[in-house]
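Novice: okay, predicted coordinates and the sequence, questions at the end:
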Amino acid sequence: MKCDVLTLFPDIITAYLNESIMKRARENKLLDVHPVNIRDFTSDVHRTVDDYPFGGGAGMVFKPEPIFRAMDHLNEDGEARKVILLSPRGIPFDQKKAECFAGETRRLTFICGRYEGIDERVKHLVDEEVSIGDYVMTGGELAALVIIDAVTRLVPGAVGDASSVKDESFSSGLLEYPQYTRPGEFRGMKVPDVLLSGNHEEIRQWRRKQALKTTMKVRPEMLDRIDLDESDKKMISEISSEDD
Ligand code: ADE
């Protein structure tokens with residue numbers, strides 16, 4: 001995955017990408033991130049990136065010129081880019097979108113907004129406006145990192161055990177079943193017997209039922225979006241009667 005991140009705070013981006021799986025993915029050339037400091041593309045002595053809103057109102061607005069200049073500079077390399085603006089006004093980011101971005105052959109170029117907003121004309125540069133959730137953060141940097149992290153995990157080789165990516169919540173359409181490791185008993189809390197039984201079919205069924213149970217409780221609407229087979233339906237009616 002190749003990407004650029006246009007930001008006023010490139011250190012936020014590099015700090016995260018210098019740790020753990022992101023760091024290893026970069027070392028293994030599976031992830032290439034180029035942070036670009038938008039302030040380097042200002043043209044006044046004060047390196048101004050914001051200004052008052054036309055029409056009045058509170059707060060400052062991100063000026064268009066430094067962002068356009070930064071993009072002009074990037075485009076000099078002739079590479080194809082998909083430009084993504086991070087904003088609470090964007091379309092919601094989810095696992096499906098992560099898969100879509102993971103399949104992109106173009107460089108993903110993220111523009112991180114700051115201040116109360118960004119001059120609307122910046123939209124002329126943008127292919128997609130994306131939000132990571134219904135809340136407002138102080139800037140788009142964390143949103144860019146969330147997306148880069150979720151997409152990098154889907155790049156073959158980035159995560160040690162590929163089956164752990166395939167099995168997990170959201171790719172299956174259900175929330176994940178509970179996991180346990182040693183010790184078998186901790187402060188009086190026991191690991192469910194079935195997991196120690198060595199019976200793979202029973203374990204598989206237990207996990208499926210637990211995944212259905214958590215999803216029913218926390219995100220019931222997710223069940224409407226997946227194909228449930230007869231065994232799932234039986235488990236669901238068992239769960240409903242157990243809860244009664
Ligand atoms: N910038 C500020 N809040 C945001 C959000 N929820 N998603 C993406 N970018 C943002």
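Specialist: Nice, thanks for sending it over. The shown structure was predicted, so the numbers you read here are calculated from the model rather than taken from an experiment.
Novice: number of residues surrounding the residue lying closest to residue 9 once chain neighbours are set aside?
Specialist: Excluding its sequence neighbours, the residue lying closest to residue 9 (Cβ to Cβ, 6 or more residues apart in numbering) is residue 141, at 5.7 Å. For glycine as for every other residue, the C-beta is placed from the backbone atoms N, C-alpha and C. Each residue near residue 141 was counted by other Cβ atoms under 10 Å, and the total is 24.
Novice: what's the pLDDT at residue 141?
Specialist: Each residue has a pLDDT score; the one for residue 141 is 98.
Novice: my read: it touches residue 112, true?
Specialist: Yes - assessed by Cβ atoms under 8 Å, residue 141 is found in contact with residue 112 at 5.0 Å.
Novice: what is in contact with those two at once?
Specialist: When contacts are counted by Cβ atoms under 8 Å, 6 or more residues apart in numbering, residue 141 and residue 112 have 5, 7, 9 as shared neighbours.
Novice: out of these, grab the one that's most surrounded.
Specialist: Within those, most neighbours by other Cβ under 10 Å means residue 5, with 28 neighbours.
Novice: so is that one in a helix, a strand, or just coil?
Specialist: At residue 5 the chain is in strand, as set by DSSP: H, G, I helix; E, B strand; the rest coil.
Novice: the strand of greatest length in the chain: partners in the sheet, and parallel or antiparallel?
Specialist: Ranked by number of residues, the top strand in the chain under DSSP state E is strand 81-92. When pairing is defined by DSSP bridges, strand 81-92 lines up against strand 107-112 (parallel), strand 128-131 (parallel).
Novice: gap between it and the chain center?
Specialist: In this view, strand 81-92 has its centroid 12 Å away from the chain centroid, taken as Cα atoms, centre = their mean, to the nearest Å.
Novice: quick one: average pLDDT of it?
Specialist: Confidence for strand 81-92, expressed as mean pLDDT, is 97.
Novice: so residue 121 makes contact with residue 65?
Specialist: No - here residue 121 lies out of contact with residue 65, judged by Cβ under 8 Å, at a distance of 9.8 Å.
Novice: quick one: contacts for the spatially most central residue of the chain?
Specialist: Nearest to the mean C-alpha position of the chain, counting by Cα atoms, centre = their mean, stands residue 147 at 3.3 Å. Residues near residue 147 by Cβ under 8 Å, 6+ apart: 84, 86, 93, 98, 101, 110, 130, 132.
Novice: ok, and of the residues you listed, which contact the ligand?
Specialist: Among those, the ones lying near the ligand by Cβ under 6 Å from any ligand atom are 86, 132.
Novice: tell me the secondary structure at residue 34.
Specialist: Put simply, residue 34 is strand when judged by three-state DSSP.
Novice: count the neighbours of residue 224 for me.
Specialist: Using other Cβ under 10 Å, residue 224 has 7 neighbouring residues.
Novice: where does this structure dip in pLDDT?
Specialist: Residue ranges of the chain with pLDDT under 70: 162-164, 166-169.
Novice: quick one: the helices in it, in order.
Specialist: Assigned by DSSP state H, the helices in the chain fall at 10-17, 20-27, 64-75, 95-102, 141-152, 162-167, 200-218, 230-243.
Novice: can you lay out these as a markdown table showing distance to residue 42?
Specialist: Listed next are these as a markdown table, based on distance: least, Cβ to Cβ, whole Å:
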| stretch | distance to residue 42 |
| --- | --- |
| helix 10-17 | 15 |
| helix 20-27 | 29 |
| helix 64-75 | 5 |
| helix 95-102 | 29 |
| helix 141-152 | 19 |
| helix 162-167 | 41 |
| helix 200-218 | 46 |
| helix 230-243 | 57 |
